[in-house]
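Participant: the following block contains a protein sequence and its predicted model.
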Amino acid sequence: MISNLTLSPLPLTKTPLREVLSPRYVPNPTPVEVPRTLPKEAITSHLTWPADTELLGLVFEVTPRAADYLYAQYTIGLHAWFLDQVRQADPELSAYLHDVQTEKPFTLSGLEGKLVSCGKDFQLQPGETYRWYVTALSKPVVQFLQQWVKQLPETIALRKAPLEIRSCKISIAPTTYRQLFASQEMNSSTLQLSFMTPTSFRRKKHHFPLPVPANVFHSYLRRWNDFSGMNIDRDLFLKWVEESVLIHRHELQSAKVAAGKKGMVTGFTGLVEFGLSRQSGEVPEFERLFYTLGQFAPYCGTGHKTTFGLGQTRLGWSIEEAIPIPSIQGMLAERIGELTELFIGQRKRKGGDRAREIAETWATILARRELGESLQAIASDLQMPYQTVKTYAKLARRALKV
């Protein structure tokens with residue numbers, strides 16, 4: 001079994017988002033306060049770690065230079081900026097991170113701090129400190145971070161909203177996979193996890209926004225098997241999870257967000273307490289692995305699109321830590337969702353991945369265009385040729401008039 005181990009949607013509408021989100025709809029923008037997600041004791045300014053480290057979390061404290069505006073899908077910009085930093089230091093690692101089709105050995109959060117939804121954008125607050133979290137799940141990424149933090153750039157270059165890097169600290173302790181497994185004493189009867197940002201799983205080609213134990217722990221196991229060097233029998237472990245892992249309590253809510261380069265995601269945020277049945281101890285190594293993967297969760301995140309800010313996960317049960325979804329992201333996601341269904345409904349052949357992929361691409365381009373984003377900026381984010389994006393925008397507008 002374990003080898004190499006010694007131990008409420010919006011109504012369908014053709015009204016552009018730019019009109020829905022005009023100032024008359026939001027005359028008094030309300031600040032969205034996102035509190036710290038970790039206690040002070042967990043954050044230090046000590047930026048050295050053992051050479052064999054495989055798992056690590058960093059937090060960057062950044063400040064805006066002015067009351068600049070962020071576009072709704074700014075996490076795409078954070079993702080692109082980080083990969084460009086890797087490319088400048090290690091082109092081979094950058095190519096791997098960009099092209100790998102399995103699990104990514106890193107996660108990135110969105111910005112945590114006071115954001116003001118203002119029409120189609122977020123407005124950054126001068127003097128406010130924002131936090132951005134980066135985690136590494138493999139030794140090559142940890143080694144890149146070790147060199148990178150010694151010569152950090154002065155700013156994070158986001159479109160029209162540069163952020164000055166004020167500090168970089170360790171947010172999750174450096175460790176190795178074997179150390180993480182060996183350190184679990186199983187002295188707690190439950191495992192409590194807080195899902196800070198919308199979390200979702202892919203299930204039969206659809207989003208599945210529920211923390212079913214098999215989905216949650218399969219998410220962790222995939223990353224563990226990819227990067228730990230310790231092979232876990234997936235089928236046996238997931239069978240044990242289905243028979244042994246229970247949900248004792250939860251406080252959840254659903255949210256739609258535009259995440260990644262195109263399309264929208266329906267996810268959940270909130271708190272879940274997992275426990276074990278009396279029979280779970282019949283396979284003690286899986287019982288230990290259950291707690292180990294819980295400790296692994298803050299490093300690897302939960303579900304998909306964790307390199308675009310989704311699935312941020314913390315240990316413990318804290319209602320105060322729940323992060324509100326800024327309204328503009330929810331509105332954009334709703335618009336992308338309704339346009340996707342509209343475009344799919346117009347196609348003669350409605351089934352298949354290709355039809356949905358085209359519909360999602362059209363919907364993403366048109367919804368972002370309605371928010372006033374330039375086609376050049378959209379093409380850059382989606383990594384598509386400008387002329388292709390321009391053509392898709394025209395086709396989407398034409399379809400909307402049908």
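Facilitator: Sure, I can see it. What you see is a predicted model, and the numbers here were worked out from it, not measured in a lab.
Participant: residue ranges for the helices of the chain, please.
Facilitator: Assignment of helices within the chain using DSSP state H yields the ranges 17-20, 74-89, 91-99, 139-148, 177-182, 213-227, 234-244, 284-300, 327-346, 353-370, 375-382, 386-400.
Participant: can you check which of those helices gets nearest to Ala66?
Facilitator: helix 74-89 (15.9 Å; CB to CB). Placement of C-beta: from N, CA and C, glycine included.
Participant: so which bits of the closest one are buried?
Facilitator: Going by neighbour count (16 or more other CB atoms under 10 Å), the buried part of helix 74-89 is Tyr74, Thr75, Ile76, Gly77, Leu78, His79, Ala80, Trp81, Phe82, Leu83, Gln85, Val86.
Participant: was I right about Lys160 contacting Tyr69?
Facilitator: Yes - at 6.8 Å, Lys160 counts as touching Tyr69 under the criterion of CB atoms under 8 Å.
Participant: and the two? Which one has more around it.
Facilitator: Tyr69 (18 against 11; other CB atoms under 10 Å).
Participant: I'd like the buried residues of helix 74-89 written out as JSON lines, with pLDDT and distance to Gln295 added.
Facilitator: Below are the buried residues of helix 74-89 laid out as JSON lines (pLDDT from 0 to 100; distance: CB to CB, whole Å):
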{"residue": "Tyr74", "pLDDT": "90", "distance to Gln295": "30"}
{"residue": "Thr75", "pLDDT": "91", "distance to Gln295": "26"}
{"residue": "Ile76", "pLDDT": "90", "distance to Gln295": "30"}
{"residue": "Gly77", "pLDDT": "92", "distance to Gln295": "31"}
{"residue": "Leu78", "pLDDT": "95", "distance to Gln295": "26"}
{"residue": "His79", "pLDDT": "94", "distance to Gln295": "26"}
{"residue": "Ala80", "pLDDT": "92", "distance to Gln295": "30"}
{"residue": "Trp81", "pLDDT": "96", "distance to Gln295": "29"}
{"residue": "Phe82", "pLDDT": "96", "distance to Gln295": "25"}
{"residue": "Leu83", "pLDDT": "95", "distance to Gln295": "27"}
{"residue": "Gln85", "pLDDT": "97", "distance to Gln295": "28"}
{"residue": "Val86", "pLDDT": "97", "distance to Gln295": "26"}
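Participant: for the residues you listed, could you give me a markdown table that also reports distance to Asp235?
Facilitator: Shown next, in a markdown table, are the buried residues of helix 74-89 (distance: CB to CB, whole Å):
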| residue | distance to Asp235 |
| --- | --- |
| Tyr74 | 40 |
| Thr75 | 34 |
| Ile76 | 36 |
| Gly77 | 40 |
| Leu78 | 36 |
| His79 | 33 |
| Ala80 | 37 |
| Trp81 | 39 |
| Phe82 | 35 |
| Leu83 | 34 |
| Gln85 | 39 |
| Val86 | 34 |
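Participant: closest one of those to Pro213?
Facilitator: Nearest to Pro213 among the buried residues of helix 74-89, with distances taken as CB to CB, is Thr75, at 27.8 Å.
Participant: touching stretch 372-384 from outside, list them.
Facilitator: 18, 71, 73, 76-77, 80, 120, 159, 261-262, 361, 364-365, 368-369, 385-386, 388-390, 393 (CB atoms under 8 Å, 6 or more residues apart in numbering).
Participant: what bits of the stretch 251-400 of the chain have low per-residue confidence?
Facilitator: 260-262, 319-330, 348-352 (pLDDT under 70).
Participant: from Tyr220, how far off is the nearest residue to Phe217 once chain neighbours are set aside?
Facilitator: Of all residues not flanking Phe217 in the chain, Val241 sits nearest, at 5.0 Å (CB to CB, 6 or more residues apart in numbering). Here the distance between Val241 and Tyr220 works out to 10 Å (CB to CB, to the nearest Å).
Participant: and what of Pro50?
Facilitator: For Pro50, the distance to Tyr220 equals 23 Å [CB to CB].
Participant: residue contacts, the residue nearest the centre of the chain?
Facilitator: The residue lying closest to the centre of the chain (CA atoms, centre = their mean) is Leu310, at 2.1 Å. Counting by CB under 8 Å, 6+ apart, Leu310 touches Thr197, Pro198, Thr199, Ser200, Val257, Ala259, Val265, Gly267, Gly301, Gly303, His304.
Participant: Leu137 too?
Facilitator: Glu54, Leu55, Glu103, Lys104, Pro105, Phe106, Thr107, Arg223, Phe227, Tyr299, Cys300.
Participant: any idea what Phe106 is bridged to?
Facilitator: Counting by DSSP bridges, Phe106 forms beta bridges with Ala136.
Participant: report pLDDT for it.
Facilitator: On pLDDT, Phe106 comes in at 98.
Participant: what's the burial count for it?
Facilitator: Phe106: 25 neighbours (other CB under 10 Å).
Participant: is it true that it touches Val141?
Facilitator: Yes - under the criterion of CB under 8 Å, Phe106 makes contact with Val141 at 5.2 Å.
Participant: now the common contact residues for the two.
Facilitator: In contact with both Phe106 and Val141: Leu97, using CB under 8 Å, 6+ apart.
Participant: burial check on Ser374, number of neighbours?
Facilitator: Neighbours around Ser374, by other CB under 10 Å: 12.
Participant: how near is it to Gly57?
Facilitator: Counting by CB to CB - Ser374 and Gly57 are separated by 35 Å.
Participant: ditto for Thr75
Facilitator: 18 Å.
Participant: break the chain down into its domains, please.
Facilitator: 32-175, 179-321, 327-400 (automatic domain parsing).
Participant: contact partners for Phe61?
Facilitator: Wrong residue type there; residue 61 is Glu, not Phe. Thr129, Tyr130, Arg131, Ile165, Arg166, Ser167, Cys168, Lys169.
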